[in-house]
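Student: Sequence plus the predicted model coming up.
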Amino acid sequence: IWRDALRIAHDFPLTGTGLNTYERAAAVYRTTSYRHQAAHNDYLEIASDGGLLLVIPALALAVAFVKTVLRRFRENAGNAVAFWQRAGAVVGLLGIACQELFEFSLQIPGVTALFVVLCAIAVHRVARDPVKAQLASAATLLPADAPPGERIRERDGVTNGVGPWPQGRSSGFTFRSDVPLMASSTH
């Protein structure tokens, strides 16, 4: 099967035979009695279907992705949680990359969805201070005289219904960056 894919890629080096045309092209180049719908190697199938017009951008994207992941590892060197989450995603991506040598699993939507999620985890930029990131996204306010159960989460002047104010009414509190706040574990 791989020999057929290599022959197709050799005969159509620049443009390939067209995306998703491997089965038709392989029918002409078939050297075995087995009729195959895919090259059982996504890398060879990309080369035979898309030629250099697809291979070169795919390689450039892969190199940029690897550089970004390595930069994220360096940026979060002291964050053990971020390191292990990213490392787990990279191991998953390497597993998929190895499987693509013998299969065409990225053509299955569920595997592609997993691949995209792992890519997102691998390149995700972690906030330097998670508490400050939480406060920046939605200010968590605790008035000095309020009991602990009446924490107020406010964004754009509207409460989420937690606290003594009805949902939709402003609490009257504003976020002040010069006052240290405690992060609330209740939402």
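Tutor: Received the coordinates, thanks. Numbers count the residues shown, from 1 in each chain.

Student: so where's this protein uncertain?
Tutor: Applying pLDDT under 70 to the predicted model, the residue ranges of the chain that meet it are 128-187.

Student: Run through who's touching stretch 93-107.
Tutor: The set of residues that contact stretch 93-107 without belonging to it, under CB atoms under 8 Å, 6 or more residues apart in numbering, is 38-43, 45, 111-112, 114-115, 118-119, 122. No exception for glycine: its C-beta is placed from N, CA and C like everyone else's.

Student: can you do 10 Å?
Tutor: Stretch 93-107 is touched from outside by 2, 20, 22, 37-46, 62, 65-66, 69, 111-112, 114-115, 118-119, 121-122, with contacts defined as CB atoms under 10 Å, 6 or more residues apart in numbering.

Student: how about the closest residue to V90 other than its chain neighbours, what does it touch?
Tutor: With sequence-adjacent residues excluded and distances taken as CB to CB, 6 or more residues apart in numbering, V90 is closest to A122, at 5.5 Å. By CB under 10 Å, 6+ apart, the contact list for A122 reads 65-66, 68-69, 72-73, 85-93.

Student: for A120, same thing?
Tutor: Listed by CB under 10 Å, 6+ apart, the contact partners of A120 are A89.

Student: distance of it from W2?
Tutor: Going from A120 to W2 by CB to CB, to the nearest Å gives 31 Å.

Student: Next step: the contacts of stretch 93-107 restricted to helices.
Tutor: Cross-referencing those with the helices (criterion: DSSP state H) gives 2, 22, 42-46, 62, 65-66, 69, 111-112, 114-115, 118-119, 121-122 as the overlap.

Student: Mind giving me the PyMOL command for buried ones among those residues?
Tutor: Remark: buried members of these, expressed as a PyMOL selection using 16 or more other CB atoms under 10 Å:
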select buried, resi 22+42+44+45+46+69+111+114+115+118+119+121+122
